[in-house]
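**Student:** Below are the sequence and a predicted model; questions follow.
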Amino acid sequence: MALRARLSSELPAKLVVPAMPTPTTITPTREHKFKTNTILASHGRPPWYDETGKRISDAFVIGIAGGSASGKTHVARQIVKALGSVPTVVILSQDSFYKWHTPAEIELAYASKFDFDHPDALDMPMFASCLRDLKEGKQSNIPIYSFKEHQRLDEKKYLYGATIIIAEGIMALNDPSLRALYDLKIFVQCDSDLMLARRIKRDVTERGREVEGILEQYLRYVKPSYDNFVGPTSRHADIIVPGSDNNVAIDLISTHVRRQLAERATPFRKNIAATPMATPMEERASFWSTNKDHASLIVLPQTHQLIGIYTIIRDKTTKTQDFIFFVDRLAMFLMEKAMEQLPYRSKTVTTPIGADALGKELDAKYICGVSVLRAGGPLEKGLQRVLNDVPMGSLLVQTDTGSGEPLLLHVMLPEYIRLRHLAVDTWVFLLDAQIGTGAAAFMAIRSLLDHGVRQDHIIFVTFLVARSGGITILHRAFPQVKVVCGAVDEVLREAWLDPYDKDLGSDAPNTNAERRKCYIVEPGMGQIGDRYYL
Ligand SMILES: Nc1ncnc2c1ncn2[C@@H]1O[C@H](COP(=O)(O)OP(=O)(O)O)[C@@H](O)[C@H]1O
Ligand SMILES: Nc1ccn([C@@H]2O[C@H](COP(=O)(O)O)[C@@H](O)[C@H]2O)c(=O)n1
């Protein structure tokens, strides 16, 4: 409703954008050869949740329908190009959702006697469900379809983290449950002869077909289907776009989408900023006063040995070789402690002298590690020492120098998390060097929850927590996540970081354009990832 209202203030109720008077040539690129469900553009994903940890916005979904070879994919790619520097964009092709075919059906398909142009040929509920998951910020594993083999392949394509989704297909506007998912509905209108000419060219070069078969299939199924099922859905579209010379329409659409995204953007880091004001005094006092037995924050016992290790690691004169040795040792201590947070069940074994011994064994179905790069990397070795062959993944979270917001730049997760039915039974050791503002921890935890990992199955392991930082807000947002750390430092302050300086920044104003604003834990350990790897 809101969108329609806004659209109508920007555009007429249904906009038919005329073809450009002077034709422009768009050179087909290599990309046109592939129908992929893939992340086409990613400039980092800003927070999609607020400081309570709740997701605040859905992905913006554009549905594009039109006849076969009308230019739907082309329009989708042109929109992505015109949008320029926007967060993650995914093109989801309805073609991927052709149903699985029996050998008899495949035989008919090779003889151009199978109707792929009836709505029943597509698994619409599956398409709607995958699209809904992506829209709601969850992962989806999309089927892969081979036009050459007329069959769905065994493997699937994992997708996660789209801010904009473009769903395209001949029946994209056919089904009411699909239409309900779109924020913007587009129909690509194209002359029949142009569509046929393009289809012949494409099907011969890309889909392994012969002209005779293409024509037979066209006359028998494609043309009647266009008249009966595809063309009439243009009435549901917000915008009708011409199938060629459509630059005006593309500009209009991209401006509209950019405006919509800007309206949805909300500052996050500012709201959890590293100031003692971030949470009320009483809440912080109560969090820390109970922290000894606090189920959510587990601090290693402060033995002389442990403090000795921290002293070496904190010392800026410590040589890299020694730094690595002691970080690895500390990582082991932390991981041993973290292992105590896993469930165990009773087990009786028989000893070599034939006696029964009552003991315990791990009771976790799946376990894996995910490090927040680069700083979480040094903890990986510790995890691999306590859990042999543990699957590892990583998340690359970096601060946007312009907005100061965390950006999710790369997601590489193990199968135990990528597949939702496994994720619910997976325990995850989330590794990052420190919790300062908590912004990276927020993003990493939210990403795992989106995948279906349970909050109480996440164990965050870190060297350092800042008492005056975001830990209390993090705890308020995700009370069941456990944090295991080795030291608590008092101060978190704003500073300027020089990318070429291993020591951490000063309070001096930003004179060097490359310096970026950051938050520093004090006394701290410096940039642990840099000191460990560089
Ligand atoms: N505006 C356009 N200008 C030039 N060629 C185009 C244009 N739109 C589509 N094509 C070409 O037509 C063919 C079919 O386009 P495509 O976008 O794949 O159609 P659809 O996704 O609707 O089946 C492709 O080879 C593509 O390069
Ligand atoms: N095995 C198949 C499956 C589908 N088709 C044709 O694909 C057309 C839809 O794809 P577009 O990229 O052109 O939108 C549709 O018209 C089917 O006839 C096929 O030929 N073989």
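**Tutor:** Noted; the coordinates are in hand. Ligands and ions are numbered 1, 2, ... in the order given.
**Student:** from the chain's centre, how far out does stretch 101-119 sit?
**Tutor:** The chain centre lies 36 Å from the centre of stretch 101-119; the measure is C-alpha atoms, centre = their mean, to the nearest Å.
**Student:** For the closest residue to Thr233 other than its chain neighbours, pull up the helix or strand it's in.
**Tutor:** Nearest residue to Thr233 in three dimensions, chain neighbours excluded: Leu173, at 3.9 Å (C-beta to C-beta, 6 or more residues apart in numbering). Placement of C-beta: from N, CA and C, glycine included. Using DSSP states H and E, Leu173 sits within no helix or strand.
**Student:** Against Pro343, how distant is the residue nearest to Asp425 when sequence neighbours are not counted?
**Tutor:** Once flanking residues are discounted, Asp425 sits nearest to Lys365: 4.1 Å by C-beta to C-beta, 6+ apart. The gap separating Lys365 from Pro343 is 10 Å, by C-beta to C-beta, to the nearest Å.
**Student:** and Val372, helix, strand or coil?
**Tutor:** strand (DSSP: H, G, I helix; E, B strand; the rest coil).
**Student:** How about the contacts made by it?
**Tutor:** If you count contacts by C-beta atoms under 8 Å, 6 or more residues apart in numbering, Val372 has them with 394-397, 430-432, 440-441, 444.
**Student:** how about stretch 56-64, does it get close to ligand 2?
**Tutor:** No. Stretch 56-64 stays clear of ligand 2 (C-beta under 6 Å from any ligand atom), getting no nearer than 10.0 Å.
**Student:** can you pull out the helices in the stretch 351-500 of the chain?
**Tutor:** 377-386, 415-418, 420-423, 439-450, 471-477 (DSSP state H, counting those that start in this stretch).
**Student:** typo on my end, the stretch 1-150 of the chain
**Tutor:** Using DSSP H, counting those that start in this stretch, helices in the stretch 1-150 of the chain cover 2-10, 72-83, 103-110, 124-135.
**Student:** ok so, going back, may I see the ChimeraX selection of the buried members of the contacts of Val372?
**Tutor:** In ChimeraX, a selection of the buried entries from these looks like this (16 or more other C-beta atoms under 10 Å):
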select :394,395,397,430,431,432,440,441,444
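**Student:** so what does whichever strand or helix holds Leu306 touch, helix or strand wise?
**Tutor:** Assigned by DSSP H and E, Leu306 belongs to helix 304-314. Using 3 or more C-beta pairs under 8 Å, 6 or more residues apart in numbering; DSSP states H and E, the elements in contact with helix 304-314 are helix 320-339, strand 482-489.
**Student:** mind giving me CSV with the ones you listed and columns for mean neighbour count and distance to Ser70?
**Tutor:** Shown next, in CSV, are these (neighbours: other C-beta atoms under 10 Å; distance: least, C-beta to C-beta, whole Å):
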stretch, mean neighbour count, distance to Ser70
helix 320-339, 18, 55
strand 482-489, 22, 53
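**Student:** that older thread, among the helices of the stretch 1-150 of the chain, which comes closest to ligand 1?
**Tutor:** helix 72-83 (3.4 Å; C-beta to the nearest ligand atom).
**Student:** in the stretch 201-350 of the chain, what residue is nearest ligand 1?
**Tutor:** Ser244 (4.2 Å).
**Student:** Can you verify that residue is assigned to a strand?
**Tutor:** No. Ser244: not assigned to a strand; according to three-state DSSP it is coil.
**Student:** and it, how many neighbours?
**Tutor:** 17 (other C-beta atoms under 10 Å).
**Student:** how far is stretch 298-316 from where the chain is centred?
**Tutor:** 36 Å.
**Student:** measure it end to end?
**Tutor:** Stretch 298-316 has its terminal residues 27 Å apart, counting by C-alpha to C-alpha, to the nearest Å.
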